[in-house]
Structure formats: structure tokens, C-alpha cells
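Peer 1: The following comprises the amino acid sequence and a computationally predicted model.
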Amino acid sequence: MAMIVPRRHRSLFDDLMSDPFDSFFSGMPAPQATPTLMRTDIKETEDGFEIILDLPGFNKENVAAELKEGVLKVTAKTSTEEEKTEGTYLRRERFTGQCSRQFYVGEDIEEADIKAKFDNGTLQIFVPKKVEQPKLEEPRSIAIEG
């Protein structure tokens, strides 16, 4: 049986490493940064696959996609330049760094087949389905005795 422990009000002196703004949110901790960057949806269509990646805060110039041995790799990087501002940040939740995702799309897909578009922090990539060409059956001779 679980016990419910009443939450006591925090004092500024409880924990020197605590966030002073937690008290502004009724004792609840402030939301943490999303642990997973590049949230992705993959949708299958009749003609292929649409990969939709959320990249808020990234510029098109800092987003790259490459295809190697059937693996599509999307990389995005961002940095914040040191800006001269008055005061000291108490919390910075903006991501700085590089992240990437990889998707196996098949070794028969070529770079020219893939279409990509970046708009409003969303990268949309279309990977067509390769239609397998029917193999022509080679005629086989049957030996006739006699």
C-alpha cells in the first residue's frame, strides 16, 4: 500500500542547488527540456515513405542529410553565440550541440530519388518505394531422348 506524504513548502535555504523559480510553479518543478530531439513521424504512402522530423530552433543551413550504404542520416547542429547581456542566466533550456538520426531506407535507393524540404523547423523527406522489376525467366531446355 502506497503512502501519501504531504508536500511541505520549500524554503530558499532547503537546498542551495535547487532552482529558485520552482516556487513560482506552486511547488512543482519546472518542465525539463525534452530528452529526445528530432522527434520523428514516418508515414507510408502508396508511392513511398514520408519522414517528418521536428527541428525547432535549427536553421536550414545547419541541417544535413546523407545517404550511405542504404542508411539515410540526418544531422542538425546549433550553437548559441555568447551574447553580452546584463545579468546572469538562472536557467537555460535551449539546446546547443549536434544531434542525428539514422534510417535504413534500402541499398537500392539513390540520392537522386530522395526529396527533402525544410520549412518552419520541420524537415520533410520523401523516400520512394523501389518497384522491383520482374525478372525475366530464362528459358530452360529440356533434353529429349530418342
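Peer 2: Done, it's in.
Peer 1: Helix, strand, or coil at the residue nearest in space to the middle of the chain?
Peer 2: Closest to where the C-alpha atoms of the chain average out (CA atoms, centre = their mean) is Met38, at 1.9 Å. Classification of Met38 using DSSP: H, G, I helix; E, B strand; the rest coil returns coil.
Peer 1: which regions of the protein sit below the pLDDT cut-off?
Peer 2: 1-36, 80-84, 133, 146 (pLDDT under 70).
Peer 1: Quick check: Phe95 touching Gly57?
Peer 2: Yes. With contact defined as CB atoms under 8 Å, Phe95 reaches Gly57; the gap is 6.9 Å. Just so you know, the C-beta spots here come from the backbone N, C-alpha and C atoms, and that holds for glycine as well.
Peer 1: any shared contact partners between those two?
Peer 2: Residues touching both Phe95 and Gly57 (CB atoms under 8 Å, 6 or more residues apart in numbering): Thr78.
Peer 1: More neighbours: which of those two?
Peer 2: Neighbours per residue (other CB atoms under 10 Å) separate Phe95 from Gly57, with Phe95 holding more: 18 against 13.
Peer 1: Quick check: beta-bridge partners of the residue nearest to Gly57 when sequence neighbours are not counted?
Peer 2: Take Gly57 and drop its neighbours on the chain: the residue closest to it by CB to CB, 6 or more residues apart in numbering is Thr78, 6.1 Å away. On the basis of DSSP bridges, Thr78 is bridged to Gly97.
Peer 1: mind listing what Thr78 touches?
Peer 2: By CB under 8 Å, 6+ apart, the residues touching Thr78 are 57-59, 62, 95-98.
Peer 1: Quick check: which element contains Ile125?
Peer 2: According to DSSP states H and E, Ile125 maps onto strand 122-128.
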